[in-house]
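J.: Output the structure for:
(chains A and B)
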Amino acid sequence: MLSLLGGIFLGWSLGANDASNVFGSAVASKMLKFWSAAILASLFVLIGAVLEGGTGIETVSALTLLDLESAVVSSVAAAITVTLMTLLGLPVSTSQAVVGALIGIGLLNRQFNFAGLEKIVVCWIGTPIAGTVIAIILYRVLAVFYNRLKVNLFQSDIILRLCLIGAGAYGAYALGANNVANVTAVFVGAGLLTVLAATLIGGLSIGLGILTFSRPVMETVGKRLVRLDPFSAFVVVFAEAITVHFYAFVGVPVSTSQAVVGAVLGVGIIKGIQTVSRRTLFNILVGWLLTPIVATVLALMLDFGIHLQYVPNP
Amino acid sequence: MLGFFFKKQRHVESLIYKYLDNFRETQKRFEDGLNTCLAASDCGVVDFLAEQTHKFESRGDDIREEIKTLMYAKALIPESRGDIMGLLEALDKIPGLFQLLLYMIKTQKLVIPEFMVSEIKELIEVSLATCELMLQQIERLFQGSPGVRALVSSIDHNESQCDHIERRIITNLFNSDLDPYKKILLKELVVYMGEISNQAEHVSRRANIIKMKRTV
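T.: A predicted model of the protein is given here:
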């Protein structure tokens, strides 16, 4: 059980950080009480993890050969990377941290599935692009229906609120389905957990993070989305959910934050306004490049550290 | 059916209609008060109707506060809260003008000279008709009925007409032999009367923007 602590910590921090991408706008704008959002998000994360999290777990656990020791090293290295990058204020993807750590382990045991890595990197590049494209399509299509609705201001308000809550719940489901692999896949690879147990433990630890520590992140990060009009905020959350869910089908864990940024960019293109600053894009690029590198180096250092032996002088 | 799940929203909606009804009551008391004053050479009789106007204006403030409290208790999405409060605050300036005008007449003991009566009646008539159009436009906005945009041009037309009447009254006033001190007081009264349609036009433009913002 102790061996799982690194993974549980990773799941906890993932829940605390990423719930803001799905329910941040609803909570920050006080459309939904924090506790309602947190309970909804945890529930849907768990359902998503258990029902559809298996594919991602198989992809990540097949990246390299893992034993219990290397599984613990990789999850701790990923957890430290996420914490470090967060402290540095750089946008961080848990998926990239986990894969980075696994690259480190793969370099050590000289057995790495490069075909699997290629698929993952392609998906990482595709995440913000898919977020942008899906947001543009969704905005165009949904706007036609929305403008044709014969509703008054109050009814339109209710519809938008329900849509935002629905998209948030779907986003939480997609988050669980996609990101649970980051949390417990290494333990499946090491033979410590079955896929079902991994999805359950992973889903619960993400849910725990949402329930215990997501409030401040939801309130601050959510305000960025609230600056968009309610319809655009709904499109952004919905596009992010579809993007992340699509990659859950493919079986590659991706960053929900990068999907959100892509979707916000898409809405900006439609409306002809700058929704994402160049500095944000630059920070994302730096985080995107640094996270796997830092995680790889940390995994190598940790592995080196635990294999140090005290050799007394003869 | 959706309303069942969103009681606060339904309550805000009913309060807005209550506010609009109260606006009409305030307007009626003002119109009665002013007509009484214009009909009688002595405006002292306006007291009772000025107090009635004040009573309805205060009731309007109370309803507005209730709407504000309810909306910020998490009813409606933030954008709608801001839009509705902005609209009501702009709208609420008009009952304030009704009250102010009757109090000006009462406290400054103003007597409207004979040569101004018909033109002031005309100005008030067009101003109040503009207010009625504005109320219809707001009702359409909240009911989701078409024609919000079309009413902007009618209101705009009325407002221009009010400006012409106002300028004519002031020109005639300063061409008259009245005491300059009375001229200044009456000019101030006419300017405030003209402000009614200006404010109605401002509210109408706001309502139109709210409508346009909801077209994505």
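
J.: what's the spacing between the closest residue to chain A within chain B and A:N152?
T.: Closest contact between chain B and chain A, by CB to the nearest CB, is at B:G144 (3.3 Å). For every residue, glycine as well, the C-beta is placed using N, CA and C. As judged by CB to CB, to the nearest Å, B:G144 and A:N152 stand 3 Å apart.

J.: and the closest residue to chain B within the stretch 101-250 of chain A, how many neighbours does it have?
T.: The nearest approach of the stretch 101-250 of chain A to chain B comes at A:N152, 3.3 Å away (CB to the nearest CB). A total of 17 residues lie near A:N152 under the criterion other CB atoms under 10 Å in any protein chain shown.

J.: Likewise for A:L90?
T.: The number of residues packed near A:L90 is 16, by other CB under 10 Å.

J.: what residues does chain B put near chain A?
T.: Residues of chain B lying close to chain A (CB under 8 Å from any CB of the partner chain) are B:2-3, B:5-6, B:9-10, B:12-13, B:74, B:76-80, B:84, B:141-144, B:210, B:213-216.

J.: filter those to the buried ones?
T.: Those of the residues of chain B next to chain A that meet the buried threshold are B:6, B:9-10, B:12-13, B:76-80, B:84, B:141-142, B:144, B:210, B:214, B:216, by 16 or more other CB atoms under 10 Å in any protein chain shown.

J.: Which of the residues you listed fall within helices?
T.: Among those, the residues falling in helices (DSSP state H) are B:Q9, B:R10, B:V12, B:E13, B:P78, B:E79, B:S80, B:I84, B:L141, B:F142, B:I210.

J.: so the fourth one touches B:Q143, yeah?
T.: No. Under the contact definition of CB atoms under 8 Å, B:E13 does not touch B:Q143, with a separation of 9.7 Å.

J.: And the helix or strand hosting A:G15, what's buried?
T.: Using DSSP states H and E, A:G15 falls within helix A:5-28. Neighbour counts over helix A:5-28 (16+ other CB under 10 Å) mark A:6-28 as buried.

J.: between the ones in helices among the buried ones among the residues of chain B next to chain A, which is closest to A:V286?
T.: B:P78 (32.5 Å; CB to CB).

J.: nearest residue to the closest one other than its sequence neighbours?
T.: Distances taken as CB to CB, 6 or more residues apart in numbering or on different chains put A:S29 closest to B:P78, at 4.7 Å, once the chain neighbours are dropped.

J.: where does the one you found fall, phi/psi-wise?
T.: phi -90, psi 10 (degrees, to the nearest 10).

J.: Which per-residue confidence value corresponds to it?
T.: The predicted local confidence for A:S29 comes out at a pLDDT of 73.

J.: Could you check how many residues crowd around it?
T.: 21.

J.: Excluding chain neighbours, give the residue nearest to A:V217 in space.
T.: A:S20 (4.5 Å).

J.: Check B:F174 too.
T.: Leaving out its chain neighbours, the residue that sits closest to B:F174 by CB to CB, 6+ apart is B:K183, at 6.0 Å.

J.: The one you found sits in which helix or strand?
T.: Per DSSP H and E, B:K183 falls inside helix B:180-213.
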